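Colleague: Structure, please.
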Amino acid sequence: MSMLGAAALAAIVLVSPENGARVPTLPPAQKAVLAQATKDERRTVGASYPDGPWGVAAPLVLKWRATAGETGSWKIRVGTNPDLKDGTDHWIFFFDIKPDADGTYSYEVPRANLELGRRYWWRVWSNVKCAKWSCGAATGPNGCACGATGPAPASAIGSFVTEDVPPRWIAIEGRTKNIRDLGGWRTRDGRRVRQGMAFRGEALNDNSVNGEVVGRNRLTFEDADYLTKTLGIRTDLDLRTKREISTMTQSPLGPSVAFIHRSAPAYKEIFTPEGMKTMAENFRVFCDERNYPIFFHCIGGADRTGSLAYVLNGVLGVERADLERDWESTFYPDIPNVVTNDTGKPFINGTYWRSSQHFDDGFAKYAVPGDTLRDRIERYLLACGVTKEEIENVREIMLEG
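Modeller: Next up is the predicted model:
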């Protein structure tokens, strides 16, 4: 039976997404930019979308119609299994939502953070709290636990499939932005980097203002709960300098998360002796499956974080063009070739830099005729002191199939 036919048996009818519909995870502006083949084309197209939005996912909007006069309150459950036992519940009080003129209710799921290329199921219930105040039990699909009310009106279960277009953005309530899944990108041989394993982003707290006082936390309590319980973060890999973190010995996510501080360089500096030593140490964090899921970051999630992300996805086999797209996503609609500080002077070691050129030049030192970028990055890591076995461990952990 189709979703429409099944839903007609219920008073609550799901309207959209229609059953099996493909749902975008990126706004049109980002999809248009990412579809361009060259950096110049992406810059040109980005400029034609002045309002973006950038650095965020497309909203997930769910719509349903109440055909028997139900007015809520409402419970919406969204999950990755058809029985919805793994689902996340969203509660909407009747006074927080009003129907459109045609009786259709619309709800934008906050911080849906959907995985790419994934099927999801959803359902809507009405009046899902027991009317008997002394009970207070939340109702399930079959009504109140104490029996004071009849079965809760519920829709049929619908489904939708998310588009398979990276990056996968992660939204939280607090001030940490630029969070995205390292996974979702396709490799040269058609495999996909596994989602939900490694996340890159801004710092979880501010930099120290003087190197002596730890910077202010950027997270809400709900953020910490979401990152540790829903995303399951086990390791906080902080790439900032000692001055930036001051006396920190614990992650802002709390004592349950391992805190690893290891100051890292960016761009051409990853090819210096010290940069190679640090790269080996940081890469080894990803060699141990017990460390996952991992959140790694500097202060802005762009340069130091971007350089490590480039190496990680590069050695997994993601193509150069997509490595660039991932790096650029931090900056859209602008794609900087030159970064300067407030004084207008060059930012890194007194010389201008172009990120892709620095990577090209650095990894070219490890090139042999007929090889791929993946091969060059692997030889770079071996020169850093990483072993072949450690590289294969990361591939086994981070690649699907």
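
Colleague: what comes up buried for the one helix or strand residue 13 maps to?
Modeller: Following DSSP states H and E, the helix or strand that holds residue 13 is strand 12-16. Going by neighbour count (16 or more other C-beta atoms under 10 Å), the buried part of strand 12-16 is 12-15. (Glycine included, C-beta is placed from N, CA and C.)

Colleague: just for this structure, where's the confidence low?
Modeller: 1-10, 128-152, 336-354 (pLDDT under 70).

Colleague: and with 80 instead?
Modeller: 1-10, 68-72, 127-152, 335-355 (pLDDT under 80).

Colleague: For it, just list every one of the strands.
Modeller: With DSSP state E as the criterion, the chain has strands at 12-16, 21-23, 60-66, 74-79, 88-92, 104-109, 119-126, 158-162, 180-181, 198-201, 235-238, 258-261, 294-297.

Colleague: Now tell me what touches the third one from outside.
Modeller: Contact partners of strand 60-66, identified using C-beta atoms under 8 Å, 6 or more residues apart in numbering, comprise 11-17, 23, 76, 78, 99, 102-109, 112, 114, 122, 124, 126, 155.

Colleague: nearest spatial neighbour of residue 248, skipping sequence neighbours?
Modeller: residue 214 (5.4 Å; C-beta to C-beta, 6 or more residues apart in numbering).

Colleague: Please disregard the earlier target; I meant residue 93.
Modeller: residue 73 (4.9 Å).

Colleague: I figured that neighbour was touching residue 105, is that so?
Modeller: No: checked against C-beta atoms under 8 Å, the pair residue 73 and residue 105 is beyond contact range at 11.6 Å.

Colleague: would you turn the strands of the chain into CSV with distance to residue 218?
Modeller: CSV is the format used below for the strands of the chain (distance: least, C-beta to C-beta, whole Å):
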stretch, distance to residue 218
strand 12-16, 35
strand 21-23, 29
strand 60-66, 24
strand 74-79, 27
strand 88-92, 23
strand 104-109, 23
strand 119-126, 29
strand 158-162, 28
strand 180-181, 16
strand 198-201, 10
strand 235-238, 13
strand 258-261, 15
strand 294-297, 11
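
Colleague: for these, which one sits closest to residue 44?
Modeller: In terms of C-beta to C-beta, the element of the strands of the chain nearest to residue 44 is strand 180-181, at 23.4 Å.

Colleague: Which other helices and strands does that closest one contact?
Modeller: strand 198-201 (3 or more C-beta pairs under 8 Å, 6 or more residues apart in numbering; DSSP states H and E).

Colleague: circling back: looking only at neighbour counts, state which of residue 73 and residue 105 leads.
Modeller: Neighbours per residue, other C-beta atoms under 10 Å: of residue 73 and residue 105, the larger number sits with residue 105, 23 against 17.

Colleague: Verify the contact between the more buried one and residue 99 for me.
Modeller: Yes: applying C-beta under 8 Å, one finds residue 105 in contact with residue 99, separated by 5.3 Å.

Colleague: Please tell me how far residue 270 sits from residue 358.
Modeller: 9 Å (C-beta to C-beta, to the nearest Å).

Colleague: Looking at those two, which one has more neighbours?
Modeller: residue 270 (25 against 19).

Colleague: what's the more buried one in contact with, if anything?
Modeller: Per C-beta under 8 Å, 6+ apart, neighbours of residue 270: 264, 276, 278-279, 307, 311, 362.

Colleague: which residues does residue 71 contact?
Modeller: Residues in contact with residue 71 (C-beta under 8 Å, 6+ apart) are 94, 126.

Colleague: Offset the numbering so it begins at 169, please.
Modeller: That works, and once the first residue is 169, the last one we named lands at residue 239.

Colleague: mind checking how far it is from residue 231?
Modeller: From residue 239 to residue 231 the distance is 16 Å (C-beta to C-beta).

Colleague: Burial check on residue 371, number of neighbours?
Modeller: By other C-beta under 10 Å, neighbour count at residue 371 equals 23.

Colleague: measure the closest residue to it other than its chain neighbours to residue 370 for me?
Modeller: Among residues not flanking residue 371 along the chain, residue 467 sits closest, at 4.9 Å (C-beta to C-beta, 6+ apart). Going from residue 467 to residue 370 by C-beta to C-beta gives 7 Å.

Colleague: Also residue 234?
Modeller: From residue 234 to residue 370 the distance is 41 Å (C-beta to C-beta).

Colleague: Kindly report the same for residue 181.
Modeller: 42 Å.

Colleague: got it, and residue 235?
Modeller: Distance from residue 235 to residue 370, by C-beta to C-beta: 46 Å.

Colleague: The two: which has the busier surroundings?
Modeller: Shown here are residue 235 and residue 370; by other C-beta under 10 Å, residue 370 has more neighbours (20 against 14).

Colleague: tally of neighbours for the closest residue to that one other than its chain neighbours?
Modeller: With C-beta to C-beta, 6+ apart as the criterion, residue 370 has its nearest non-adjacent residue at 4.4 Å, and that residue is residue 469. Neighbour count for residue 469, taken as other C-beta under 10 Å: 23.

Colleague: My understanding was that residue 469 contacts residue 347; is that so?
Modeller: Yes: contact criterion C-beta under 8 Å: residue 469 and residue 347 qualify, at 7.3 Å.

Colleague: Let me see the ranges of the helices in the stretch 319-468 of the chain.
Modeller: 389-393, 410-413, 441-453 (DSSP state H, counting those that start in this stretch).

Colleague: got the ones you listed as TSV, with distance to residue 547 and mean neighbour count columns?
Modeller: Listed next are the helices of the stretch 319-468 of the chain as TSV, based on distance: least, C-beta to C-beta, whole Å; neighbours: other C-beta atoms under 10 Å:
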stretch	distance to residue 547	mean neighbour count
helix 389-393	40	15
helix 410-413	31	16
helix 441-453	12	17
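
Colleague: Fine by me, thanks again.
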